[in-house]
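Peer 1: Got a sequence here, can you model it:
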Amino acid sequence: MAWRTRHPHSLYSMSSSSSNSVATDRIGGDSSNLWRCIDRDNVHGLNLTVPEDAKQVIKPWDQREDTDKFADSNVDDQASWRASSIISNVRLRSVLLKLGRGDSAPNHLQLFANHPNIVDFAEAESTKAQLDISLLQGESGVVEYPLRVAAFASVNSVSLFLSESTGGDLSRVYYIGFKGEVRELKKDKDPQMDVPAANAADAPLFDRLQDKATGQQTTAR
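Peer 2: Modelled structure (predicted):
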């Protein structure tokens with residue numbers, strides 16, 4: 001099941017992009033962190049040792065360095081995630097990853113926006129991803145990978161496909177996060193959803209969601 005496909009449009013030079021893909025305490029701890037916009041009940045994984053662990057790595061920013069909760073691939077080094085949002089029309093600007101090191105470090109990431117289901121291994125080979133890159137190796141902290149905003153301008157779900165572990169048998173993930181902008185609330189969700197802030201750094205985004213919901217109610221009257 002191993003493969004080495006690369007799409008020509010998405011070649012990613014880690015040497016030239018390292019200044020934008022660095023582990024730092026600043027890259028996710030602000031109002032652009034979209035953690036609270038993810039519907040964790042609709043986070044699903046494929047080829048994980050424990051399927052429920054797919055949700056465990058979708059953590060608030062203040063838990064990004066936690067290594068007690070993680071997800072391991074099962075049969076081989078390939079693993080897939082699909083995360084839906086509680087809001088629509090999110091503009092994604094970057095994906096944040098904390099991955100295993102050494103033999104458990106995946107080397108390849110494909111990102112699919114608005115795919116109708118979780119990407120399986122056959123689809124990962126045959127479907128064109130909006131992002132198809134080699135991952136930075138050797139980092140112990142969270143790494144931010146910038147996205148082409150035009151390709152992720154209106155997103156309601158994201159599928160990640162990780163593969164090509166250094167050891168060849170296991171890919172480990174500690175943290176998955178996203179940064180971007182919220183554009184509008186989904187109509188089928190309760191605008192008064194009270195999701196407690198994970199920390200002060202997350203609060204501004206939630207405040208904007210509440211203000212927007214309040215504004216919509218006022219207009220409806």
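Peer 1: ok, now which ones touch Ser163?
Peer 2: The contact partners of Ser163, by CB atoms under 8 Å, 6 or more residues apart in numbering, come to Ala2, Trp3, Asp77, Gln78, Ala79, Pro106, Asn107, His108, Gln110, Ala124, Ser171. Using the backbone N, CA and C atoms, a C-beta is placed for each residue, glycine as well.
Peer 1: mind redoing it with 7 Å?
Peer 2: Listed by CB atoms under 7 Å, 6 or more residues apart in numbering, the contact set of Ser163 reads Asp77, Gln78, Pro106, His108, Ser171.
Peer 1: Glu164 versus the closest residue to it other than its chain neighbours, what's the distance?
Peer 2: In this structure, Ser163 finds its nearest non-sequential neighbour in Gln78, 4.4 Å apart by CB to CB, 6 or more residues apart in numbering. Between Gln78 and Glu164 the computed distance is 8 Å (CB to CB, to the nearest Å).
Peer 1: Could you check which of those two is surrounded by more residues?
Peer 2: Remark: of Gln78 and Glu164, Gln78 carries more neighbours, 23 against 18, as counted by other CB atoms under 10 Å.
Peer 1: okay, that one: pLDDT?
Peer 2: Gln78 is assigned 91 on the pLDDT scale.
Peer 1: can you check Val182 too?
Peer 2: Confidence for Val182, expressed as pLDDT, is 88.
Peer 1: Please name the nearest non-neighbouring residue to it.
Peer 2: Ile87 (5.6 Å).
Peer 1: any idea whether Val95 is helix, strand or coil?
Peer 2: Per DSSP: H, G, I helix; E, B strand; the rest coil, the secondary structure class of Val95 is strand.
Peer 1: Next, the contact list for the closest residue to it other than its chain neighbours, please.
Peer 2: Take Val95 and drop its neighbours on the chain: the residue closest to it by CB to CB, 6+ apart is Tyr145, 5.2 Å away. Residues near Tyr145 by CB under 7 Å, 6+ apart: Ser21, Ser94, Val95, Leu97, Ile133.
Peer 1: so what's the backbone phi/psi at Gly168?
Peer 2: Torsion angles at Gly168 (phi, psi; degrees, to the nearest 10) stand at phi 90, psi -10.
Peer 1: And the helices in this structure?
Peer 2: Secondary structure of the chain (DSSP state H): helices at 14-17, 53-56, 121-126, 203-220.
Peer 1: Can you name the residues in contact with the second one?
Peer 2: Looking back up the chat, that one is helix 53-56. Helix 53-56 is contacted from outside by Arg40, Val43, His44, Gly45, Leu48, Lys69, Ala71, Trp81, using CB under 7 Å, 6+ apart.
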